[in-house]
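Colleague: mind looking at a prediction? Sequence and model below.
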Amino acid sequence: EAQVTQNPRYLITVTGKKLTVTCSQNMNHEYMSWYRQDPGLGLRQIYYSMNVEVTDKGDVPEGYKVSRKEKRNFPLILESPSPNQTSLYFCASSLAASGGAGGELFFGEGSRLTVL
Amino acid sequence: EDKVVQSPLSLVVHEGDTVTLNCSYEVTNFRSLLWYKQEKKAPTFLFMLTSSGIEKKSGRLSSILDKKELFSILNITATQTGDSAIYLCAVELNTGFQKLVFGTGTRLLVSP
């Protein structure tokens, strides 16, 4: 089954304790992206990757890091989480890094993170 | 600044009603407009619109784009409780990569 898989789905952590949210897709997609979703603000892009070893900042990258060592995986790293990073996080992928062709993003099921 | 605005923010209707959700945008470099449905988890794709005036249809859902007036509508006829969800509108920008700007969504509740 074609899917984007995120883990963990739910996490409560404390300020400053490094954590990684994993994301894996099995569709051989070039493009992967991380979003956070907050009430009243919609989905905002954190980082994206157009292919292996190619990553760039989205609209709200502060406090996050990513890596793309393999095509299927795109982990999101919070080196020193703070309470303002409490949010619902989505990983997404699509076939064409340049967009347009299809345009459809496939989303993971979300990771709800709470930082105390 | 690129902006996508959805209205209404939330809506409660009775089963069987017809609803219209609105999405207006102001962006620098438009490529396409997409609609997603978000139930309790991941947003799922509904439509992609690139040309004005051409209706896209899937069952009871339909959508149309007006590139002159910079808006799109999503219609749902004969609503069912399973249509209860947040409906997200996103505009894809014509950049060198797939950049989407999302609206905040319309929360639809269909009561039995």
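Modeller: The structure has been received and is ready for your questions. In this text the structure is predicted, and so the values were computed from the model without any measurement. Numbering: from 1, shown residues only, chains lettered A, B, ... in the order given.
Colleague: all strands of the chain, in order?
Modeller: Reading this off chain A. Applying DSSP state E to chain A gives strands spanning A:4-7, A:10-13, A:19-25, A:31-38, A:42-51, A:54-57, A:65-66, A:76-78, A:87-94, A:106-107, A:111-115.
Colleague: switch to chain B, please.
Modeller: B:3-7, B:10-14, B:19-26, B:30-38, B:43-49, B:56-58, B:61-66, B:71-76, B:85-94, B:98-102, B:106-111.
Colleague: quick one: buried residues of the last one?
Modeller: Buried residues in strand B:106-111, defined by neighbour count with 16 or more other Cβ atoms under 10 Å in any protein chain shown: B:106-108, B:110. Heads up, the C-betas are built off the backbone N, CA and C, glycines and all.
Colleague: now render these as JSON lines, adding distance to A:Gln85 and pLDDT.
Modeller: Below are those laid out as JSON lines (distance: Cβ to Cβ, whole Å; pLDDT from 0 to 100):
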{"residue": "B:Thr106", "distance to A:Gln85": "26", "pLDDT": "97"}
{"residue": "B:Arg107", "distance to A:Gln85": "24", "pLDDT": "96"}
{"residue": "B:Leu108", "distance to A:Gln85": "29", "pLDDT": "98"}
{"residue": "B:Val110", "distance to A:Gln85": "34", "pLDDT": "97"}
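Colleague: A:Lys57: which of the strands of chain B is closest?
Modeller: strand B:98-102 (11.7 Å; Cβ to Cβ).
Colleague: on that earlier part again, worst mean pLDDT among the strands of chain B?
Modeller: Mean pLDDT across the strands of chain B is lowest at strand B:98-102; the value there is a mean of 85.
Colleague: and that one with chain A, contact?
Modeller: Yes: applying Cβ under 8 Å from any Cβ of the partner chain, one finds strand B:98-102 touching chain A at B:98-100, B:102.
Colleague: likewise stretch B:75-94?
Modeller: Yes: for stretch B:75-94 and chain A, the contact criterion (Cβ under 8 Å from any Cβ) is met by B:88, B:90, B:92, B:94.
Colleague: so which residue of chain B comes closest to chain A?
Modeller: Residue nearest to chain A within chain B: B:Gln98 (3.2 Å; Cβ to the nearest Cβ).
Colleague: which residues does that residue bridge with?
Modeller: B:Asn94 (DSSP bridges).
Colleague: tally of neighbours for it?
Modeller: 28 (other Cβ atoms under 10 Å in any protein chain shown).
Colleague: which residues of chain B lie near chain A?
Modeller: Counting by Cβ under 8 Å from any Cβ, the residues of chain B near chain A are B:4, B:31-32, B:34, B:41-45, B:48, B:88, B:90, B:92, B:94-100, B:102-105.
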